[in-house]
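**Q** got a structure for you, letters missing:
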């Protein structure tokens, strides 16, 4: 009997088929239909046989983690410090502050304005929050009334931010009241300077963003009255 022939070779019917034992730790490469033996140098096989696709061999790029303060929509302390210094030193306001002001800095300033008098045994939280909210609301209505002919409108949170940062000089006055007796001629003069300081800085900001031009002094008068109330609270 002649052995059977097939296109791939001669098969001996008396020959037993070879059993191939697979190692459970071998890695099967489905792309090239071959097996990576345990202990083989994978780097050499990758170079010689192109085990992996070039697109797969490149490390996966992960998106950078978002900072916690940015994720919580809280302005960074460095930016808050920069904006406070711009108010105290009459520096030019950056465009980011004018377009997208924050409320984190004003909240810290108002908190300091209420906590510092506690060192002298005074509690002014109710006056600060009451006068602050009413004053901010009236100034919001007044400013929008002044610029309605120009077809502009300013949001309420921007008013809160600009006026809140304007309280920075008054916070310095409150800090001095812990160590000095301001109920005197020197204290009154220093209080007026701080009120004018805050008024000039904030009116400059509103003039920049709203283009008030010659009407800057019209908005400066109610701002001066607004900050004078906080000065009076600080002194008495």
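**A** Received the coordinates, thanks. Since this is a predicted model, take the numbers as computed values, not measurements.
**Q** For the protein, which segments are assigned as strands?
**A** Using DSSP state E, the strands of the chain run over residues 4-6, 9-11, 27-29, 34-36.
**Q** Give me the neighbour count for residue 235.
**A** 17 (other C-beta atoms under 10 Å). Quick note: C-beta positions are derived from backbone N, CA and C, even for glycine.
**Q** what's the weakest-modelled helix or strand in this protein?
**A** Lowest mean confidence among the helices and strands of the chain (mean pLDDT, DSSP states H and E): helix 54-57, at a mean of 46.
**Q** can you list the domains in this protein?
**A** Following automatic domain parsing, one finds the domains of the chain at 18-54, 75-235.
**Q** mean pLDDT lowest for which of the ones you listed?
**A** Lowest mean pLDDT of the domains of the chain: domain 18-54, a mean of 49.
**Q** Ends of stretch 90-103, what's the gap?
**A** 20 Å (C-alpha to C-alpha, to the nearest Å).
**Q** nope, stretch 79-96 is what I was after
**A** Stretch 79-96 has an end-to-end distance of 10 Å (criterion: C-alpha to C-alpha).
**Q** contact partners of it?
**A** Stretch 79-96 is contacted from outside by 97, 102, 104-105, 108-109, 165-166, 168-169, 172, 198, 200-202, 204-205, 208, using C-beta atoms under 8 Å, 6 or more residues apart in numbering.
**Q** switch the cut-off to 7 Å
**A** Identification of contacts with stretch 79-96 by C-beta atoms under 7 Å, 6 or more residues apart in numbering yields 97, 104, 105, 108, 165, 166, 168, 169, 201, 205, 208.
**Q** Now do the contacts for the first one.
**A** Going back to what we said before, that points to residue 97. residue 83.
**Q** ok, now the fourth one?
**A** Contact partners of residue 108, counting by C-beta under 7 Å, 6+ apart, are residue 80.
**Q** on that earlier part again, among the domains of the chain, which is the most enclosed?
**A** domain 75-235 (a mean of 16; mean count of other C-beta atoms under 10 Å).
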